[in-house]
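**Q** here are the coordinates; sequence isn't available:
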């Protein structure tokens, strides 16, 4: 039989501390209150309810990795064997408690996420601290588990022309830093950089106290900072002289250009421009997200093409998907129009994209449509903050990058103030500046920037 | 992995260990595997899942050396010769390189069995 497990150690503690009063009044504010516990920034949103979420956001996405594949490998090493317990034990204990653990990474952040019943907060706080501070990074685990999972991830990325195109667009637009591949491509020789020891050293810096933030939704603030203070006090402080340190933030520069990738998996074209960075940073331009909503391409309502310029313009193409997005990062943004589907339709529709941009730049858009676009942009911005999935990372990212946390009313005000003139201006700068064009798929049929009238 | 032994009982008692050590050294040397250039861990039977897994986990240099030692010993055995004295395994080279990995794997297997048969009492 098992000896006294940490499960049984934690259970009474969780019970003793976990009594909470019932909600007295609905709390309409979705603001996070930010505190610091034993040197770690903690943002918490008290939401009365039976479950809670706790995430650790580390500034260790692909932008900050010293060598290719490090963020990916570190993400997959989360919740693996630690100095205290094995990966199997972590899995089984989480199953018994009915929790959920997952890890993801974006270009800027690595997110370890746990969801649990409210009384299990201490267990999962301890688990996150253990993963951050005491993961073993055994070589055999890298070879037997992590590298295999990474291979599958590469296959997923490779098989979707859209993700290949978006990734290549970042590379063309930003070169290094934000341009680093979010997952190394199947043909990249990243294995020679990745080893257990190197990852352990990278983790020391990635999970250093100054490099992480904890974001929670649900638990009581006082209780949370008590447990965080207790478990996170031994988190490493990092070693700045290491070869495998988290790369320092270098101001992102936009380059632009064209790339064509032959692929058999499908067709995608990404037309990109320098967009708006995240809210509350210097490069925040609300008009870019309004223009993204105006160009659109995907309807928000069933059985109708919607008001957006691109969905109207591409109504006739049945085998085509169009999507416009402003990818916001801490000091830059990439405004992307993604088209995917049949090669001939993608090629024809890319011309429509440039035409639509020209229309917006010339001010030939109904003011009603701009109003609709402002409303949609506002809804999307606020929803992304309110929704747990995106809100946790956005909040944590703000904390580790030293920006102020999201303020709902300020976002709403900034977007409401956007005028038709501003939208016109931003479309004009897109057309006059250098664009980024990436074509993936049947490059024989896909257009060159020259054909579309874009300067690269 | 191996037959029952008194080794751990003896090692725990310093006096007994001091008496037994010369005897053990003589016995190991007389076993003869060092004269074929092998280490003790090379003699562990490979035909089990755990040992196979352990061999896969060896660092590439050690895995290569292991195969080299076994092949060399095989040749010696076929030709009914012993290695020249300078190529034979020295006692200080005869260290455990595989057993720690096997023990770790056995621990993992045991933990999995224990967790599979876990009874939750609330």
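**A** That came through, no problem. Computed from a predicted structure; not experimentally measured.

**Q** okay, now residue 76: neighbour count?
**A** You didn't say which chain, so I picked chain A. Neighbours of residue A:76 under the rule other C-beta atoms under 10 Å in any protein chain shown: 20. (Glycine included, C-beta is placed from N, CA and C.)

**Q** looking at chain B here, not the other one
**A** For residue B:76, the tally of surrounding residues (other C-beta under 10 Å) stands at 17.

**Q** how about the helices in chain B?
**A** Using DSSP state H, the helices of chain B run over B:7-11, B:14-31, B:49-57, B:60-78, B:99-116.

**Q** pick the most buried one from those helices.
**A** Neighbour counts (mean count of other C-beta atoms under 10 Å in any protein chain shown) averaged over each of those peak at helix B:49-57, with a mean of 16.

**Q** so how far is that one off the chain centroid?
**A** How far helix B:49-57 lies from its chain's middle: 13 Å, per C-alpha atoms, centre = their mean, to the nearest Å.

**Q** reformat the helices of chain B as a markdown table; add mean pLDDT and distance to chain A.
**A** Listed next are the helices of chain B as a markdown table, based on pLDDT from 0 to 100; distance: least, C-beta to the nearest C-beta, whole Å:
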| stretch | mean pLDDT | distance to chain A |
| --- | --- | --- |
| helix B:7-11 | 87 | 20 |
| helix B:14-31 | 91 | 29 |
| helix B:49-57 | 96 | 4 |
| helix B:60-78 | 96 | 11 |
| helix B:99-116 | 95 | 5 |
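
**Q** quick one: closest of the ones you listed to residue A:416.
**A** With C-beta to C-beta as the criterion, residue A:416 lies closest to helix B:99-116 of the helices of chain B, at 55.6 Å.

**Q** got the contact list for the closest one?
**A** Helix B:99-116 has contacts (C-beta atoms under 8 Å, 6 or more residues apart in numbering or on different chains) with A:1-2, A:86, A:88-89, A:92, B:1, B:41, B:44, B:50-51, B:53-54, B:57-58.

**Q** between the residues you listed, which is closest to residue A:139?
**A** Out of the contacts of helix B:99-116, the member with the shortest distance to residue A:139 (by C-beta to C-beta) is residue B:57, at 7.7 Å.

**Q** how close does the residue nearest the centre of chain B sit to residue A:268?
**A** Most central in chain B under C-alpha atoms, centre = their mean is residue B:41, positioned 2.4 Å from the mean C-alpha point. The spacing between residue B:41 and residue A:268, counted by C-beta to C-beta, to the nearest Å, is 54 Å.

**Q** one more: residue A:142?
**A** 32 Å.

**Q** neighbour count: these two, which is higher?
**A** Remark: of residue A:142 and residue A:268, residue A:268 carries more neighbours, 28 against 22, as counted by other C-beta under 10 Å.

**Q** and the pLDDT at that one?
**A** pLDDT for residue A:268: 96.

**Q** quick one: name whatever helix or strand follows whichever strand or helix holds it.
**A** Per DSSP states H and E, residue A:268 falls inside strand A:267-274. Proceeding C-terminally, strand A:267-274 gives way to helix A:286-295 as the next helix or strand, assigned by DSSP H and E.

**Q** now do that next one against strand A:267-274, angle only.
**A** With axes from the mean of the first three to the mean of the last three C-alpha atoms, to 10 degrees applied, the angle from helix A:286-295 to strand A:267-274 works out at 150 degrees.

**Q** tell me the contacts of residue 59?
**A** By default, I'm working from chain A. A:108, A:109, A:206, A:211, A:212, A:246, A:397, A:400, A:401.

**Q** looking at chain B here, not the other one
**A** Contact partners of residue B:59, counting by C-beta under 8 Å, 6+ apart, are residue A:139.

**Q** how about residue A:381: what's its closest non-neighbour residue?
**A** residue A:411 (5.1 Å; C-beta to C-beta, 6 or more residues apart in numbering or on different chains).

**Q** ok, now residue A:115?
**A** residue A:100 (4.2 Å).

**Q** what mean pLDDT does the helix or strand hosting residue A:205 have?
**A** For residue A:205, the host element (DSSP H and E) is helix A:196-206. Across helix A:196-206, pLDDT averages out at 93.

**Q** cool, and stretch A:294-309?
**A** 90.

**Q** would you mark the buried spots in it?
**A** Using 16 or more other C-beta atoms under 10 Å in any protein chain shown as the test for burial, stretch A:294-309 gives A:294, A:295, A:296, A:297, A:305, A:306, A:307, A:308, A:309.

**Q** who touches residue A:341 in this structure?
**A** Residues counted as contacts of residue A:341 (C-beta under 8 Å, 6+ apart) are A:266, A:267, A:317, A:319, A:320, A:321.

**Q** on that earlier part again, partner strands of the strand holding residue A:268, parallel or antiparallel?
**A** Paired strands of strand A:267-274, with direction, are strand A:333-341 (antiparallel), strand A:436-441 (antiparallel) (DSSP bridges).

**Q** just these: most buried one?
**A** Between the strands paired with strand A:267-274, strand A:436-441 has the highest mean count of neighbours, a mean of 28, where neighbours are mean count of other C-beta under 10 Å.

**Q** before we move on, the earlier item: I'd say the residue nearest to residue A:115 and residue A:117 touch.
**A** No: the criterion here is C-beta atoms under 8 Å, and residue A:100 misses it with residue A:117 at 10.6 Å.

**Q** so the two - more neighbours on which side?
**A** Between residue A:100 and residue A:117, counted using other C-beta under 10 Å, residue A:117 has the larger neighbour count: 17 against 14.

**Q** what does the pLDDT read for residue A:9?
**A** The per-residue pLDDT reported for residue A:9 equals 49.

**Q** repeat that for residue A:395.
**A** For residue A:395, pLDDT reads 86.

**Q** got a list of what the residue in the stretch 251-400 of chain A that chain B sits nearest to touches?
**A** Using C-beta to the nearest C-beta, residue A:388 is the residue of the stretch 251-400 of chain A that sits closest to chain B, at 29.2 Å. Neighbouring residues of residue A:388 by C-beta under 8 Å, 6+ apart: A:53, A:217.

**Q** distance of residue A:340 relative to residue A:200?
**A** Distance of residue A:340 to residue A:200, computed by C-beta to C-beta: 39 Å.

**Q** how far out from the middle of the chain is the one helix or strand residue A:127 maps to?
**A** Using DSSP H and E, residue A:127 falls within helix A:121-134. Remark: helix A:121-134 is offset 22 Å from the chain centroid, using C-alpha atoms, centre = their mean.

**Q** can you check stretch A:223-238 too?
**A** 25 Å.

**Q** so for that stretch, mean pLDDT?
**A** On average, stretch A:223-238 scores 89.

**Q** and it, what's buried?
**A** Buried residues in stretch A:223-238, counted by 16+ other C-beta under 10 Å: A:223, A:224, A:225, A:226, A:227, A:228, A:229, A:231, A:232, A:235, A:236, A:238.
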